[in-house]
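generate a structure from the sequence data that follows.
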Amino acid sequence: MNQALTAEILLVERTPTTARRIISYLDERHYEVEWVDDGEKAFNRLDDRTYDVLITELNAHRINGMRLLELALERSPEMCVILITEEPDVELATEAMRQGAYDFQTKPLNLGKLEAVIQRGLGRMRLMLEQHELKRRLDEQYGLGNLVGKSRQMIKVYSAVRQIAPSRSTVLIQGETGTGKDLVAQAIHNNSPRRDAPFVKLNCASIPEALVESELFGHVPGAFTGATQIRKGRFELADTGTLFLDEVCELTPALQAKLLRVLEYQQFERLGDSRTMTVDVRLIAATNRPLREMVERGEFRDDLYYRLRVVVIEIPALRERREDVPLLVQHFIHEASEANQKRIEGITRGAMDVLGRYDWPGNVRELRNIIEGMVTMARKGHTLDVDDIPQHIRRDTAPEVSEIRIPTGVTMEQVERIVIQETMKVCGFNKEACAKMLGIGLRTLYRKLKQYDIR
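Numbering: from 1, shown residues only. I've put the predicted structure just below:
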């Protein structure tokens, strides 16, 4: 995509004087504007090439703005489309936004506001393209499905997965709850020679202790009360494929011994059966507790520990890779929007700043749930903002302390603008927090924001 200062704009405006006014204003700000005076000409331009921005009259001659909107988004789904009409029409504006327009403005145009909308639209477009490009490159290079992140720690994880996947080695994945250990296990399987065989999962902490053995190894009729038929266990179901044991640290000592035998000999017996079964299963285990410390305390078998940790992958906590938060947020907004069939414009920089400073004790899983809740509660076409973030996150997110540098020779009015603007950034664009920090009323802050055009 072109950078903001060289963004290419297609303008559809039938009145030459209005068109010249818009072109002159945007040309001074280094935009490249191509003007046509009717919808048919615009349709042909859009059919031949792509633009960063389309500004079109709703009632363009011969082919109207809604049809141009449809074509533009078919050609480039990230394009910023701004519709213009003579009179306000809430119902029509709502329909246009639902169909993908970025903004809807009425004449006479406020050119300063128009440029601000263009800038926001280009920012959103740039972010979407960066996300698509990063996802494409990661998928092309690693084929890692739903793993998202470009931090140094995550690149290290991707490299480990790529190197480990082709082997038969047992893998131990360590990381806090919610870091995505199951996604890493799935990525290892998907990139292995076993990718077309079963990928079977069992969370050892999610089922009663008495049933874990049956879940792992299966049972025969009469093995225990209620066992009326043969049941295959997870090892049997995963034959020729991969078995992922999450929270392996929760296994009892007796089950640890049986698991060790399977790892060494690929053999086991169903519960209540004397016949030995042989399987070909690759095991990937995960734990949210440090197994080495459990071994030292006598809570976990040392021989099983060393058998499991043939290869170890450490998954970083989200607070240790904060640079990945924006990518994850955009990914989860898209995911939740698709699931709820609800179009969300994106998220403000203030809200992103707050999310980026939070410590995320529940890691990626917590972030995903928070974004899903925000999208669910938001109205269609809404841009998620600080007020949409749950109160406990806003409360627990400390503002960053920063210096404000005031250049010499500026007026007191300019000083006030700089102070308000920088304090808004520190407060994550939370107006209530900003007003409190500045020691002024909320109404006064709103008036100042409007006066200085601070967004």
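
which stretches of the protein have low pLDDT?
1-6, 134-145, 398-403, 428 (pLDDT under 70).

tell me where the longest helix sits in it.
helix 111-141 (DSSP state H).

gap between that one and the chain center?
14 Å (Cα atoms, centre = their mean, to the nearest Å).

from the contact counts, what lies against it?
helix 16-28, strand 53-57, strand 80-85, strand 103-106, helix 152-164, helix 325-340 (3 or more Cβ pairs under 8 Å, 6 or more residues apart in numbering; DSSP states H and E). For every residue, glycine as well, the C-beta is placed using N, CA and C.

R124: which of the ones you listed is closest?
For R124, the closest of these is strand 80-85, at 7.3 Å, according to Cβ to Cβ.

which strand or helix spans the nearest residue to I404 once chain neighbours are set aside?
The shortest distance from I404 to any non-neighbouring residue, by Cβ to Cβ, 6 or more residues apart in numbering, is to E422 (4.7 Å). Secondary structure assigned from DSSP states H and E places E422 in helix 412-426.

with S167 instead?
Applying DSSP H and E, one finds S167 in no helix or strand.

state the distance from it to Y446.
61 Å (Cβ to Cβ, to the nearest Å).

which elements pack onto the helix holding E422?
Against helix 412-426 (3+ Cβ pairs under 8 Å, 6+ apart) you get helix 431-438, helix 442-451.

pick the most deeply packed of those helices.
helix 431-438 (a mean of 17; mean count of other Cβ atoms under 10 Å).

now it and helix 412-426, what's the angle there?
Orientation check (axes from the mean of the first three to the mean of the last three Cα atoms, to 10 degrees): helix 431-438 against helix 412-426 gives 120 degrees.

got the CA positions of helix 431-438 in PDB?
The C-alpha coordinates for helix 431-438 follow below in PDB (Å, rounded to 0.1, in the frame of the first residue of the first chain):
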ATOM      1  CA  LYS A 431     -11.100  11.200  29.100                       C
ATOM      2  CA  GLU A 432     -12.200  10.700  32.800                       C
ATOM      3  CA  ALA A 433      -8.700   9.700  33.800                       C
ATOM      4  CA  CYS A 434      -7.200  12.600  31.800                       C
ATOM      5  CA  ALA A 435      -9.500  15.200  33.400                       C
ATOM      6  CA  LYS A 436      -8.700  13.800  36.900                       C
ATOM      7  CA  MET A 437      -4.900  13.900  36.200                       C
ATOM      8  CA  LEU A 438      -5.100  17.500  34.900                       C
END
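
use 158 as the first number for this chain going forward.
Sounds good: first residue 158 from here, last item helix 588-595.

by how many degrees do it and helix 599-608 diverge?
Using the same axes, to 10 degrees: helix 588-595 against helix 599-608 is 100 degrees.

how much space between the residue of the chain positioned farthest from its centre and L412?
The centre of the chain is farthest from one residue, S431, which by Cα atoms, centre = their mean lies 49.6 Å away. According to Cβ to Cβ, S431 stands 19 Å off from L412.

out of the helices and strands packed on helix 569-583, flag the one nearest C237.
Of all the helices and strands packed on helix 569-583, helix 599-608 comes closest under Cβ to Cβ, at 24.0 Å.

need the residues that contact the closest one.
Here helix 599-608 makes contact (Cβ atoms under 8 Å, 6 or more residues apart in numbering) with E573, I577, M581, K588, E589, C591, A592, L595, I597, I611, R612.

can you list contacts of stretch 514-522?
Looking at what lies outside stretch 514-522 - Cβ under 8 Å, 6+ apart - the contacts are 333-337, 474-476, 485, 523-524, 526, 550, 553-555, 557, 585.

which of those residues fall in helices?
L485, E523, L524, N526, I550, D553.

kindly reformat the helices and strands packed on helix 268-298 as JSON lines containing mean neighbour count and distance to G196.
As requested, those are exported to JSON lines (neighbours: other Cβ atoms under 10 Å; distance: least, Cβ to Cβ, whole Å):
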{"stretch": "helix 173-185", "mean neighbour count": "14", "distance to G196": "14"}
{"stretch": "strand 210-214", "mean neighbour count": "26", "distance to G196": "7"}
{"stretch": "strand 237-242", "mean neighbour count": "24", "distance to G196": "12"}
{"stretch": "strand 260-263", "mean neighbour count": "19", "distance to G196": "17"}
{"stretch": "helix 309-321", "mean neighbour count": "17", "distance to G196": "46"}
{"stretch": "helix 482-497", "mean neighbour count": "18", "distance to G196": "30"}
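
right, and these - which one's nearest R506?
Nearest to R506, of the helices and strands packed on helix 268-298 and by Cβ to Cβ, is helix 482-497 at 9.7 Å.

could you export that closest one as PDB, CA atoms only?
Listed next in PDB are the C-alpha coordinates belonging to helix 482-497 (Å, rounded to 0.1, in the frame of the first residue of the first chain):
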ATOM      1  CA  VAL A 482      -0.700  -7.600  21.600                       C
ATOM      2  CA  PRO A 483      -1.800  -5.400  18.700                       C
ATOM      3  CA  LEU A 484      -1.600  -8.300  16.200                       C
ATOM      4  CA  LEU A 485      -3.500 -10.600  18.600                       C
ATOM      5  CA  VAL A 486      -6.100  -7.900  19.200                       C
ATOM      6  CA  GLN A 487      -6.700  -7.400  15.500                       C
ATOM      7  CA  HIS A 488      -6.800 -11.200  15.000                       C
ATOM      8  CA  PHE A 489      -9.300 -11.800  17.700                       C
ATOM      9  CA  ILE A 490     -11.500  -8.800  16.600                       C
ATOM     10  CA  HIS A 491     -11.700 -10.400  13.100                       C
ATOM     11  CA  GLU A 492     -12.300 -13.800  14.600                       C
ATOM     12  CA  ALA A 493     -15.100 -12.600  16.900                       C
ATOM     13  CA  SER A 494     -16.700 -10.400  14.200                       C
ATOM     14  CA  GLU A 495     -16.900 -13.400  11.900                       C
ATOM     15  CA  ALA A 496     -18.400 -15.600  14.600                       C
ATOM     16  CA  ASN A 497     -21.000 -13.000  15.600                       C
END
